[in-house]
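Trainee: got a predicted structure here, sequence first:
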Amino acid sequence: MTAQWTVLAALLVVTAVLALTWRSAQGRVRTTAPGAVDAAATGWTDELVAQGMTPGARATFLQLSAEVCSACRSTARTLGALAAEEPGVTHVEVDVDHRPDLVERARVHRTPTVLVLDAAGTEVARASGGMTPARARDALATVPSAPVAGRTA
């Protein structure tokens, strides 16, 4: 009987550690190294304009979401609020069910995934999972501050 309780306690500890690790990774911002930028990480401005969306003069949060994703809705509220209070920042949400080509191009494995684009439309960072306001501000801080000449929000 003692062996069963020991195994149960060990399983509970392992489960708790895995849950805490998973939770800490939610919305974590990962910068995209300048040398690692490939063709898939650039040219997002042209894609957004072609879809009738307006990229930000300073930065764009390109959120890839699914309709049935509750974390997507809360992330959209968080990013929308930040974009509303920060000049030159835009939040664009794209439904992955309607744009599987973007899912493949952006190498999205889960929703929500947020690509942080600079003024030129190059990915400078990304985050997967729900984002808090603090993590959204961290993501925005990865964008170089110099805007592209001639662009407006």
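Mentor: Structure received.

Trainee: quick check, central residue of the protein?
Mentor: Per CA atoms, centre = their mean, the C-alpha nearest to the average position across the chain is that of V114, at 1.7 Å.

Trainee: check whether that one really touches S65, as I assumed.
Mentor: No. Here V114 does not reach S65: they are 9.2 Å apart, not a contact under CB atoms under 8 Å. Every residue, glycine included, has its C-beta placed from N, CA and C.

Trainee: what do the two both touch?
Mentor: Here V114 and S65 share the contacting residues T75, scored by CB atoms under 8 Å, 6 or more residues apart in numbering.

Trainee: circling back to that earlier point, contacting residues around the residue nearest to the centre of the chain?
Mentor: When the contact criterion is CB under 8 Å, 6+ apart, the partners of V114 are 61-64, 75, 79, 126-128, 131, 139.

Trainee: just the buried subset of those, please.
Mentor: With neighbours counted by 16 or more other CB atoms under 10 Å, the contacts of V114 contain buried members at 61-64, 75, 79, 126-128, 131, 139.

Trainee: which of these fall in strands?
Mentor: Secondary structure assignment by DSSP state E places 61-64, 126-128 of these in strands.

Trainee: in CSV, list those residues along with pLDDT and distance to T54.
Mentor: Shown next, in CSV, are these (pLDDT from 0 to 100; distance: CB to CB, whole Å):
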residue, pLDDT, distance to T54
F61, 94, 13
L62, 93, 12
Q63, 93, 15
L64, 92, 18
R126, 90, 21
A127, 90, 22
S128, 89, 25
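
Trainee: out of the residues you listed, flag the one nearest to D46.
Mentor: Minimum distance to D46 across those is 12.7 Å, recorded for L62 (CB to CB).

Trainee: let me know the secondary structure of the residue lying closest to the closest one once chain neighbours are set aside.
Mentor: Taking CB to CB, 6 or more residues apart in numbering as the measure, L62 lies nearest to L115, with 4.3 Å between them; neighbours along the chain are not counted. Per DSSP: H, G, I helix; E, B strand; the rest coil, the local secondary structure of L115 is strand.
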